[in-house]
Structure formats: structure tokens, C-alpha cells
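1. Sequence plus predicted model, see below.
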There are 2 protein chains.
Amino acid sequence: MTSSNKQTQTDKLAAEIGDAILSGVLAPGTRLDEHGLAEQFAVSRTPVREAIRSLAATGLVELRPRRSAVVAEITPAQLEVMFVAMGELEATCARLSAMSMTPIERRRLQNQHERMGALVESDDVAGFIDANLTFHALIYAGSHNSILADMAVGLRRRLDPYRRAQFRSPGRLPRSQAEHDRIMQAIVSGDAATAHAAMLNHVSLVEDTFIGLTATRAA
Amino acid sequence: MTSSNKQTQTDKLAAEIGDAILSGVLAPGTRLDEHGLAEQFAVSRTPVREAIRSLAATGLVELRPRRSAVVAEITPAQLEVMFVAMGELEATCARLSAMSMTPIERRRLQNQHERMGALVESDDVAGFIDANLTFHALIYAGSHNSILADMAVGLRRRLDPYRRAQFRSPGRLPRSQAEHDRIMQAIVSGDAATAHAAMLNHVSLVEDTFIGLTATRAA
DNA sequence: CACCGCAATATTGCATGCAGTTTTTAATTT
DNA sequence: AAATTAAAAACTGCATGCAATATTGCGGTG
């Protein structure tokens, strides 16, 4: 039995449609036809409507009364706002982590960082991307603030499609690792201000990479 | 005609039920009976269900599959997490404001601060509370980051019921005004780090006041 | 007297249907 | 041929109904 069997149809639909949007199967601007989606997922319109409303609250889809809901369009301007917000949230989590991580959590972060060192050596990009997620997740959790952590996770999820290419740039891995080192050191040693600054610097670089990409693409 | 006539029933219900929760008419833990609410608002269960699902996404109500949705309970621990998150968001907005407010926005903030000085002199608590909202709203907007600003607004709205009493403490007004002065000066002069620190200090004091209150109440 | 199981009731999850609005299509006019 | 308008189709918003699950009240048992 699948674990999702316990949830309602609406929940399953919200997850499924949300994934479809995030993975690009449903492109921004796509109209979400209730009848069509209902048929596609072999349910009635009711759970589809409820799922759409859930997704609207997360910002993934836009609700237009009396007209079809559409997959939310993200303008470059909005995307930059999102990247800035993401960076500030990450930096804040790093700051709080420096102040409130338990010794065990600090140790775990250190271990994760060291593990990633090996991945850099072997130039394992896929492995590094995965481990990087964990590294950042540890910092979210270390903030001991579920609200900020949830916001960060949500935004990261949302931005993920736009971050895929970031580690392709040559020399990106060692550079990331060096930045992580500064962040990790600051957090483990309880230096909140440095942790904040180092994380902000780290994510700003990601943002710059992205801005460079869109600028190129737009040209 | 009311401007809300344009919205759907679901939107109106979400707003109405949300207000009822925030204003305390619907206490935490209250079961949201779909049939009862439908009857109360003279609509069918469908829009009620959709409204509840919207509210669930904002965290105001908790959805328990196959069982009644309930008004979300806020434990003291969660409340503290919310206050911390709120403070960090405000501080971040202040930081960004220091960096990116336009001259006009800086001027506006300065004016608002000066206006509040008069309210302190005349000991107009109600007026000050209202002006205080505007002061902080100006800083959210000044961050030029709608995502962070929205998060801050949402959290503030959520915490508002727990902040009501904060300005009752004797001497709170002049003290707030002095803190605002530091924040405003830092923002206007573009000193991001100081703006961040000053705001964090400001909101921490509010939090402390609150913690003191609950501690007293719990005793 | 407390506790457990079972039937009756209440309530949610979902399907379906209808009315009103938007969108599409096609015909008519300039 | 392009534009305008009117009719048709499609779609959303909401109401209602049914099946499945949870809750409540009650009788039996230890």
C-alpha cells in the first residue's frame, strides 16, 4: 500500500499538480481546466477545485474568479525578489543556527561538510547537489524556528527549477565548498554575524550566476 | 454595492471566518463544522469547504482528514517561534530598507517618525498604536521585496491579538519612540547593519514584554 | 462501579447537476 | 477581407445527494 493512501484525493491531487508545475510539465500560464484535470486524474471536479485552491495559497497558481485558474507566471523581476528573499531567509537561519544549534547539530553540520569535501575531490556533481541540499536543510533545522525554516524550504522548492544549472559552471564545486567552510566554521563557533554575512555572500553568488544566465538568455 | 460583491462566496467566507478566528470569536480548538457554518452564512457546504482549505494554507486552521477542521491551537512554544520569526523578518526588512529605499521613501519614514513624536508628547496611545503600524508597514514596503513584506504582514496580523497590551506598560511610548529613532536614523543614512540590529533589539523587547505576560498568566 | 464493544447518529469526502458567466465560433455588415 | 456582433459551446461557482468514516450514546460484562 502506498503511504499516500491515507490522504484524501484533494491532497494527492494538490501534490501531483504541484509537482507537475514545479517540474515544468505544466508551464506558467497554462490554464487549469477543472473538467480536464478531473478526467485526467479520474476524479470529479470537486477535489480538483479544492486542490487548485490549496495551490493558489502557496502561490503556485493564480485564481481568477469566474475564469480558469492558471499556473502562476514568474516574471524575471519576481524571480529576483524571490532569490533575494531566499538569500535573506538562509542568512537568517544561519545566524540563528550559530546561536541555537545543539552540540550534536553542530557536529552533524561539520560531518556533512566534510563528506562534501570528498565529493568535491571526486568531482561528483550529482552527489554534491544532493549533499548540498542536506547541508542547507541542516541549517534550516538548526535555526530551531519552524516558521522561518518552512518559509526557506518552500522558497527553495519553488526556486529549484531555476537553480539546476548552477553547479555546471567550471570550478563551482570547490568554490561552494570554500564558502560552506566559512559558513560552517562561523556556525559551529557560534559567530552569528559572520554566519549571516557568509551565507548571504554564498547565496548572492548563486543569484548572480542565475542573473547572468537570464541576461544571456534574454539577449 | 459593496466592493466584496465581486469576489466569490468562497473568498468572502475565507475572509469572514479568518477575521472571526483572528478576533477571537472562534477560539483555538473550535471545531469548524461545515454544515453549521454553511447554515450560519446561508450558503452550501461547498464554498465553506473551499474557504476552510484556504485558511488551512495560511495556518489559521488545521485540517484533519475525515475529521472536522479545527481552529489552529497556538502553543506558547509556537508563539515564541512566531515572535522570533517576526523579529527576524522585520530586522531583515529594515536592513533591506536601509539599502534600497528611495529618497522619497526615506523622507516618508522620517515624517512618520516625527508625527509619532507628537503623539508621544500628548500620550495618545491609540493614535500611536495606529501610527506604529504605518511606521512598520513603511519599512516592509521599503524593503522592495514583496515576498518578505508579505510574510511580515501575515505574521504581524497573526500575532496582533497577542500584542494588544504591549503599549500599556508605563513609559512604553517614549521608549518605543527612542528605539524607532535609532532604526529610522540607520535606515535613512543607509546603515544596513545598524538598522538590522536596532530593529532586532526593538522587536525583542516587545517579545520580552509578551513572554513576561504569559509567564505571569501561567503562574 | 468502571470499562469495553456495538449500534445509531453525525459529519466528512466526493460525485453530479444546474445556473450564470466567459470564451469561442460563425454569420453579417462595412 | 477585416471587423463587429450574436449565438453556441464551454467552463466556473454553487447546491445537493450519497457513500464512507468518525463520533456519540447505550447496554453488557468484568
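-> Good, I have the coordinates. Every value quoted in this text rests on a predicted model; they were computed, and no experiment measured them.
2. mind pulling up the phi and psi values for A:Val70?
-> phi -130, psi 150 (degrees, to the nearest 10).
3. tell me the pLDDT at it?
-> With respect to pLDDT, A:Val70 has a value of 97.
4. same question, the one 4 residues further on
-> The model reports A:Ile74 with a pLDDT of 92.
5. again, but for A:Leu205
-> On the pLDDT scale, A:Leu205 gets 75.
6. and what of A:Ala195?
-> Confidence score, pLDDT, at A:Ala195: 98.
7. Pull up the gap between it and chain B, please.
-> Separation of A:Ala195 from chain B (CB to the nearest CB, to the nearest Å) stands at 13 Å. In this view, the C-beta of every residue, glycine as well, is placed from N, C-alpha and C.
8. same deal with A:Val206?
-> 17 Å.
9. Now name the helix or strand holding that residue.
-> helix A:192-218 (DSSP states H and E).
10. How about A:Asn111?
-> Per DSSP H and E: helix A:103-121 holds A:Asn111.
11. Please state the offset of that helix from the chain centre?
-> Centroid separation for helix A:103-121 versus its chain: 20 Å, with CA atoms, centre = their mean, to the nearest Å.
12. Which is the succeeding secondary structure element to it?
-> helix A:125-142.
13. buried residues in the helix or strand just after that following helix?
-> Past helix A:125-142, further along toward the C-terminus, the next helix or strand under DSSP H and E is helix A:146-159. Residues A:Ser146, A:Ile147, A:Leu148, A:Ala149, A:Met151, A:Ala152, A:Val153, A:Leu155, A:Arg156, A:Arg158, A:Leu159 are the ones in helix A:146-159 that count as buried (16 or more other CB atoms under 10 Å in any protein chain shown).
14. now swap in stretch A:60-80 and tell me
-> Result for stretch A:60-80 [16+ other CB under 10 Å]: buried residues A:Leu60, A:Val61, A:Glu62, A:Leu63, A:Ala69, A:Val70, A:Val71, A:Ala72, A:Ile74, A:Leu79.
15. quick one: which of the residues you listed sit in strands?
-> Counted as lying in strands by DSSP state E, out of the buried residues of stretch A:60-80, are A:Val61, A:Glu62, A:Ala69, A:Val70, A:Val71.
16. Count the residues that sit near A:Arg107.
-> 12 (other CB atoms under 10 Å in any protein chain shown).
17. Excluding residues flanking it in the chain, which one is nearest the most centrally placed residue in chain A?
-> Residue closest to the average C-alpha location in chain A (CA atoms, centre = their mean): A:Arg156, at 1.4 Å. Of all residues not flanking A:Arg156 in the chain, A:Met86 sits nearest, at 6.5 Å (CB to CB, 6 or more residues apart in numbering or on different chains).
18. mind listing what that neighbour touches?
-> Contacts of A:Met86 were listed using CB atoms under 8 Å, 6 or more residues apart in numbering or on different chains, and they are A:Ala152, A:Leu155, A:Arg156, A:Leu159, A:Val203.
19. in the one helix or strand it maps to, what's buried?
-> Element membership for A:Met86, per DSSP H and E: helix A:76-100. For helix A:76-100, the neighbour count (16+ other CB under 10 Å) marks A:79, A:81-98 as buried.
20. mind listing what A:Ala149 touches?
-> A:Ala149 makes contact with A:Cys93, A:Tyr140, A:Ala141, A:Ser143 under the criterion CB under 8 Å, 6+ apart.
21. quick one, what contacts the first one?
-> Shown in contact with A:Cys93 (CB under 8 Å, 6+ apart): A:Ile139, A:Tyr140, A:Gly142, A:Ser143, A:Asn145, A:Leu148, A:Ala149, A:Ala152, A:Met199.
22. Next, count neighbours for the residue of chain A at minimum distance from chain B.
-> Chain A approaches chain B most closely through A:Ala57 (3.0 Å), counting by CB to the nearest CB. Neighbours of A:Ala57 under the rule other CB under 10 Å: 18.
23. Ignoring the adjacent residues along the chain, who's closest to it?
-> Counting by CB to CB, 6+ apart, the residue nearest A:Ala57 is B:Ala57, at 3.0 Å.
24. before we move on, what about A:Asp181?
-> Per CB to CB, 6+ apart, closest to A:Asp181 is A:His113, 6.9 Å.
25. One more: A:Val153?
-> Excluding the flanking residues, the one nearest A:Val153 by CB to CB, 6+ apart is A:Tyr140, at 6.2 Å.
26. I'd guessed the one you found sits against A:Ala152; true?
-> Yes. If you go by CB atoms under 8 Å, A:Tyr140 and A:Ala152 touch, sitting 5.0 Å apart.
27. need the contact list for A:His144.
-> A:Leu96, A:Ser100, A:Met101, B:Val81.
28. Show the contacting residues for the last one.
-> Contacts for B:Val81 (CB under 8 Å, 6+ apart) come out as A:His144, A:Asn145, A:Ser146, A:Ile147.
29. and the residue of chain A found nearest DNA strand D, what pLDDT?
-> Here chain A gets closest to DNA strand D at one residue, A:Glu34, 3.4 Å apart by CB to the nearest atom of the strand. With respect to pLDDT, A:Glu34 scores 96.
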